[in-house]
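Student: Kindly generate the corresponding structure for this input.
(one chain, ligands or ions: 2)
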Amino acid sequence: MSPAVPDLSAIHAFLLCPTPDAWVQAALAEPEMLLVDHANCEKKAAGTALNLMFRYLDDFELLNKMSRLAREELRHFEQVLAIMEKRGIDYPHVSASRYAAGLRQQVRGAEPARLVDTLICGAIIEARSCERFARIAPHLDDELQKFYLSLLKSEARHFRDYLALAEKAAGEDIRARVQALLEVEKGLVVGVDADFRFHSGVPQT
Ligand SMILES: [Fe+2]
Ligand SMILES: [Fe+2]
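Tutor: Ligands and ions are numbered 1, 2, ... in the order given. Purely as a prediction, here's the structure:
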């Protein structure tokens, strides 16, 4: 039996647009790339959390949450890797989609804005990943469907943790900044991308 789908209404309300159907079609057409780039995403998610742990030492809540998050992302990475190995899927180097870089470009340089923006971007990326796992799961085979649904709970928690840490780091209302970054994210999701990736936009036709 597949795990129950957790309530994702907060994530759907947060993001400004759903993943376009064309992305789902592209993902189904490139099942190997879906797993390869998914593996990369988990690895990068762990790396982002570790970077924050090296840069910011004064917030023990942040250190604890990022440490746990990094471990969970590495566990997810191992799970993707196991599925790839079982299915005989190679793990080539592939270019990153413009999604994360496009968001990161928006991060302001001076502190505490740099930390706040990095955490908001983390929340957005986690929310989108969660939305995509839920979106594509019903179209996948049993093993992948089960796996992707099992990820929803932790990715939804990562979204909430990042957002709460951003609010705390800002010490002020961050709604306007979140909205501005969500607008950028929407542009990346509905924009056209030449190559299919886990976070790519609409495929070029
Ligand atoms: Fe993950
Ligand atoms: Fe995550």
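Student: Scan the protein for its longest helix.
Tutor: The longest helix of the chain (DSSP state H) is helix 142-170.
Student: chain center to that one: distance?
Tutor: Relative to its chain's centre, helix 142-170 lies at 8 Å (CA atoms, centre = their mean, to the nearest Å).
Student: buried stuff in that helix?
Tutor: Under the neighbour-count criterion of 16 or more other CB atoms under 10 Å, helix 142-170 has 144-145, 147-149, 151-152, 154-159, 161-163, 165-167, 169-170 buried. From N, CA and C alone the C-beta is placed, and that goes for glycine too.
Student: does ligand 2 sit close to stretch 131-146?
Tutor: No: Stretch 131-146 is not in contact with ligand 2 by CB under 5 Å from the ion; minimum separation 10.1 Å.
Student: Would you tell me whether that stretch gets close to ligand 1?
Tutor: No: applying CB under 5 Å from the ion, one finds stretch 131-146 separated from ligand 1 by no less than 8.9 Å.
Student: List of residues touching that stretch?
Tutor: 2-3, 5, 8, 11-12, 15, 18-19, 23-24, 27-28, 34, 83, 148-149, 151-152, 155, 198-199 (CB atoms under 8 Å, 6 or more residues apart in numbering).
Student: Around the closest residue to K153 other than its chain neighbours, how many other residues sit close by?
Tutor: For K153, ignoring the flanking residues on the chain, the nearest one in space by CB to CB, 6 or more residues apart in numbering is P6 at 5.3 Å. If you count neighbours by other CB atoms under 10 Å, P6 ends up with 15.
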